[in-house]
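Engineer: fold the following and give me the result.
(one chain, ligands or ions: 1)
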Amino acid sequence: MLGLMQSQPLLISSLISFAERHHGDGEIVSRRVEGDIHRYTYRDLARRSRQLANALDGLGLQFSDRVASLAWNGYRHMEMYFGVSGSGRVLHTINPRLHPDQIAWIVNHAEDQVLCFDMTFLPLVQAVHAKCPTVKKWVALCDSDKLPADSGIPGLTSYEDWIGGASAEYQWPTFDENSASSMCYTSGTTGNPKAALYSHRSTTLHAYAAALPDVMNLSARDAVLPVVPMFHVNAWGIPYSAALTGCKVVFPGPALDGKSVHDLIEAEGVTFAAGVPTVWQMLLNHVKSAGLKFSTLRRTVIGGSACPPAMITAFQDEYGVSVLHAWGMTEMSPLGTLCTLKNKHLQMGKDEQMHILQKQGRAIYGVDMKIVGADGKEQPWDGKTYGDLLVRGPWILDTYYKGESPLIRDEQGRGWFPTGDVATIDPDGFMQITDRSKDVIKSGGEWISSIDIENIAMAHPAVAMAACIGMPHPKWDERPIVVVALRPGAQVTREELLKFYEGKTAKWQIPDDVVFVDAIPLGATGKMLKTRLREQLAGYQLPGL
Ligand code: ADP
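Structural biologist: Residues are numbered from 1 along each chain as shown. You can find the predicted model right below:
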């Protein structure tokens with residue numbers, strides 16, 4: 001017997017329609033590429049998203065055709081989130097930090113028909129447009145008077161001219177909720193990038209989940225600053241969850257330095273912010289050196305790579321801002337786990353709580369996870385046993401776009417996505433990442449967690465960034481070394497840093513050496529690129545060998 005409730009597909013257009021009707025005057029504030037501040041409301045966002053949908057119809061775009069963006073976080077990009085997906089097309093957000101050849105490759109692979117870009121990326125578009133034959137319309141996300149006279153890009157139109165003439169009357173179409181809505185390519189540090197193709201259903205369910213109290217806890221009383229880019233995994237789904245809750249949204253545009261971010265937080269009364277550790281490091285450095293405070297910021301979600309405990313403590317103890325450590329990936333829309341305490345932890349001392357809060361956290365309803373050993377057998381949740389982390393759920397990838405399914409089948413035939421992360425899970429379900437499986441260090445048959453070793457170095461006041469990598473050793477197979485970039489003007493010697501490890505980790509886990517570098521190479525999503533670091537250290541020899 002079927003239930004007798006109404007059946008409505010979960011569509012992204014329903015989010016913007018809801019926001020318009022129930023939070024019409026809710027504010028959306030953007031720092032623009034031009035440097036000024038733009039502000040409007042959900043009502044304006046909905047109207048212009050409909051104009052965009054009409055403009056796409058005007059081009060003759062079909063259902064599921066791809067429309068690409070190369071853009072910072074801002075209101076026009078958000079209009080694309082709703083106008084493109086809402087009208088049944090697929091929004092392809094491109095990471096502008098990828099190599100131009102890779103950008104041309106993914107535009108061709110996705111068969112993008114329209115590409116809208118912020119003026120920052122004009123030189124990039126000038127370099128690649130001739131290699132992108134599928135694109136029939138190039139649009140500059142700028143006012144008409146900002147359009148360059150001679151860009152060399154055929155038919156280049158300003159976004160305002162393009163949608164300005166289109167009607168704001170538009171009936172969002174109804175279709176299967178499993179239809180594709182947007183896509184995001186992984187950074188592809190090895191081989192060509194692969195795309196996760198999200199659906200209306202996966203995106204809407206993820207938007208509900210992201211807003212839950214033990215996840216981002218978003219509400220109509222919040223002012224949310226997504227520093228995490230809209231070009232990478234949909235800014236962790238925040239634009240959708242924002243429309244669902246009606247929170248005020250504050251977009252930083254291209255200005256991601258500590259001062260610009262802090263100014264915006266204070267000027268707009270931001271209560272909640274989201275970003276990767278490297279961005280928060282810049283913010284903390286600025287706030288500390290300028291002797292500033294946060295007057296409205298209460299919570300920040302930090303993820304994308306391990307959040308050093310020193311950062312959690314700095315935010316919490318010095319500025320009264322709680323840090324929510326999050327873990328996820330492109331293939332997971334991206335949220336998988338978030339670290340919030342349970343009721344039984346509230347009576348614990350601060351150190352014990354901190355021990356939990358530095359973990360990547362508990363699974364969100366909708367994400368099932370397990371760790372398995374080399375034989376594929378599930379490992380115990382004892383907080384000590386490591387295993388490869390596998391996940392499944394309605395917003396987790398099944399098959400790559402035009403690619404293969406990476407899923408591993410269990411005895412019941414259910415498919416699990418292998419995350420490529422190695423983790424432990426404790427009896428309370430708190431998951432902790434030890435390493436990417438390709439970065440695991442094995443010394444004398446025992447694993448050393450590079451994240452643990454990096455976190456200790458990051459707690460030293462002179463250290464700005466630390467990367468731990470394994471180096472070949474004739475007796476132990478591998479031994480860890482720590483590669484360190486210092487804060488400007490700060491100093492620490494090799495011996496002092498190695499001494500700093502004493503008492504903080506087992507003796508055999510202390511790195512064999514410290515290598516100082518000016519900067520640690522970062523990938524397109526702001527994560528440390530250990531592959532490049534290993535190349536840079538090609539001729540390196542462990543001391544005493
Ligand atoms: P890519 O950078 O290739 O696009 P993602 O952005 O999807 O990939 O990154 C996913 C990976 O980032 C995870 O599998 C994990 O290794 C790492 N990661 C994400 N969040 C965290 C975290 N909080 N702690 C440690 N590692 C993390």
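Engineer: and S64, what helix or strand is that in?
Structural biologist: If you go by DSSP states H and E, S64 is not part of any helix or strand.
Engineer: give me the number of residues near it?
Structural biologist: Per other CB atoms under 10 Å, the neighbour tally for S64 reads 12. Glycine gets a C-beta too; all of them are placed from N, C-alpha and C.
Engineer: list the contacts of it.
Structural biologist: 88-90, 179-180 (CB atoms under 8 Å, 6 or more residues apart in numbering).
Engineer: spell out which residues of the chain are next to the ligand.
Structural biologist: 186-187, 303-307, 325-327, 329-330, 334, 360, 419-421, 433, 436, 525, 527 (CB under 6 Å from any ligand atom).
Engineer: how about a cut-off of 5 Å?
Structural biologist: Counting by CB under 5 Å from any ligand atom, the residues of the chain close to the ligand are 186-187, 303-306, 327, 329-330, 360, 421, 433, 436, 525.
Engineer: export these to CSV and tack on neighbour count and distance to S64?
Structural biologist: Formatted as CSV, the residues of the chain next to the ligand follow (neighbours: other CB atoms under 10 Å; distance: CB to CB, whole Å):
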residue, neighbour count, distance to S64
T186, 20, 21
S187, 18, 25
G303, 26, 30
G304, 23, 29
S305, 20, 33
A306, 27, 37
W327, 28, 31
M329, 21, 24
T330, 21, 20
Q360, 24, 35
D421, 22, 32
I433, 19, 35
R436, 17, 33
T525, 20, 26
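Engineer: which helix or which strand is home to the nearest residue to S295 once chain neighbours are set aside?
Structural biologist: Spatially, and ignoring its direct neighbours in sequence, S295 is nearest to E266 (6.3 Å; CB to CB, 6 or more residues apart in numbering). Counting by DSSP H and E, the element that carries E266 is helix 258-268.
Engineer: average pLDDT for that helix?
Structural biologist: Averaging pLDDT along helix 258-268 gives 97.
Engineer: all strands of the stretch 401-545 of the chain, in order?
Structural biologist: 408-409, 415-425, 431-436, 441-443, 446-448, 463-473, 477-486, 513-516 (DSSP state E, counting those that start in this stretch).
Engineer: tabulate the ones you listed (JSON lines), appending distance to L218 and mean pLDDT.
Structural biologist: Listed next are the strands of the stretch 401-545 of the chain as JSON lines, based on distance: least, CB to CB, whole Å; pLDDT from 0 to 100:
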{"stretch": "strand 408-409", "distance to L218": "33", "mean pLDDT": "96"}
{"stretch": "strand 415-425", "distance to L218": "25", "mean pLDDT": "96"}
{"stretch": "strand 431-436", "distance to L218": "23", "mean pLDDT": "92"}
{"stretch": "strand 441-443", "distance to L218": "38", "mean pLDDT": "87"}
{"stretch": "strand 446-448", "distance to L218": "37", "mean pLDDT": "85"}
{"stretch": "strand 463-473", "distance to L218": "30", "mean pLDDT": "92"}
{"stretch": "strand 477-486", "distance to L218": "34", "mean pLDDT": "93"}
{"stretch": "strand 513-516", "distance to L218": "42", "mean pLDDT": "94"}
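Engineer: what are the buried residues along the helix or strand hosting M282?
Structural biologist: In the assignment (DSSP H and E), M282 maps to helix 277-289. Burial within helix 277-289, assessed by neighbour count using 16 or more other CB atoms under 10 Å, is assigned to 277-284, 286-287.
Engineer: looking at the residues you listed, which one is closest to the ligand?
Structural biologist: P277 (8.4 Å; CB to the nearest ligand atom).
Engineer: show me what the helix ranked longest in the chain is packed against.
Structural biologist: Looking across the chain with DSSP state H, the single longest helix is helix 42-58. Packed against helix 42-58 by the contact rule (3 or more CB pairs under 8 Å, 6 or more residues apart in numbering; DSSP states H and E) you find helix 12-22, strand 27-31, helix 75-86, helix 159-164.
Engineer: so what's the residue count around the residue lying closest to R43 once chain neighbours are set aside?
Structural biologist: Leaving aside its chain neighbours, R43 sits nearest to G24 (4.1 Å; criterion: CB to CB, 6+ apart). Counted with other CB under 10 Å, the neighbours of G24 add up to 14.
Engineer: confirm G24 sits in a strand?
Structural biologist: No - counting by DSSP: H, G, I helix; E, B strand; the rest coil, one finds G24 to be coil, located in no strand.
Engineer: wait, it sits on T41?
Structural biologist: Yes - contact criterion CB atoms under 8 Å: G24 and T41 qualify, at 6.3 Å.
Engineer: residues touching stretch 135-147, excluding its own?
Structural biologist: So stretch 135-147 is contacted by 33-34, 59, 68, 71, 74, 76-77, 107, 112-119, 122, 125, 129, 148, 151, 153-162, 164 (CB under 8 Å, 6+ apart).
Engineer: how far does it stretch from one end to the other?
Structural biologist: 19 Å (CA to CA, to the nearest Å).
Engineer: and D375, how far is that from the ligand?
Structural biologist: D375 sits 22 Å away from the ligand, taking CB to the nearest ligand atom, to the nearest Å as the criterion.
Engineer: can you get me a residue count around that residue?
Structural biologist: Look at D375: counted by other CB under 10 Å, it has 5 neighbours.
Engineer: repeat for G164
Structural biologist: Neighbour tally, G164, other CB under 10 Å: 13.
Engineer: again with E535
Structural biologist: 10.
Engineer: again with V90
Structural biologist: Each residue near V90 was counted by other CB under 10 Å, and the total is 23.
Engineer: you'd agree it is up against S69?
Structural biologist: No - V90 is beyond contact range of S69, at 11.4 Å (criterion: CB under 8 Å).
Engineer: low-confidence ranges in the stretch 101-250 of the chain?
Structural biologist: Filtered on pLDDT under 70, the stretch 101-250 of the chain yields the residue ranges 188-191.
Engineer: just the helices from it, written as ranges.
Structural biologist: When assigned using DSSP state H, counting those that start in this stretch, the helices of the stretch 101-250 of the chain occupy the ranges 122-128, 159-164, 200-211, 233-236, 238-245.
Engineer: now the ones you listed as TSV including distance to L297?
Structural biologist: TSV is the format used below for those (distance: least, CB to CB, whole Å):
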stretch	distance to L297
helix 122-128	33
helix 159-164	32
helix 200-211	19
helix 233-236	17
helix 238-245	15
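Engineer: hmm, back to that, format the strands of the stretch 401-545 of the chain as CSV; extra columns: distance to K136.
Structural biologist: Below are those laid out as CSV (distance: least, CB to CB, whole Å):
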stretch, distance to K136
strand 408-409, 40
strand 415-425, 35
strand 431-436, 39
strand 441-443, 49
strand 446-448, 52
strand 463-473, 43
strand 477-486, 45
strand 513-516, 50
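Engineer: and those: which comes nearest L244?
Structural biologist: With CB to CB as the criterion, L244 lies closest to strand 415-425 of the strands of the stretch 401-545 of the chain, at 25.1 Å.
Engineer: what does the closest one contact?
Structural biologist: So strand 415-425 is contacted by 327, 329, 331-332, 336, 360, 369-371, 381-392, 396-398, 405-410, 431-438, 440, 447 (CB under 8 Å, 6+ apart).
Engineer: do stretch 44-61 as well
Structural biologist: Stretch 44-61 has contacts (CB under 8 Å, 6+ apart) with 16-17, 19-20, 28, 67, 75, 78-80, 82-84, 86-87, 89, 113-114, 136-137, 162-164, 166-170, 172.
Engineer: could you flag which of the residues you listed are buried?
Structural biologist: Buried, going by 16+ other CB under 10 Å: 16-17, 19-20, 28, 67, 75, 78-80, 82-84, 86-87, 89, 113-114, 137, 162-163, 166, 170, 172, out of the contacts of stretch 44-61.
Engineer: and S405, what does it touch?
Structural biologist: S405 neighbours (CB under 8 Å, 6+ apart): 398-399, 415.
Engineer: between those, identify the one with the most neighbours.
Structural biologist: G415 (16 neighbours).
Engineer: against the ligand, how distant is that one?
Structural biologist: Separation of G415 from the ligand (CB to the nearest ligand atom) stands at 18 Å.
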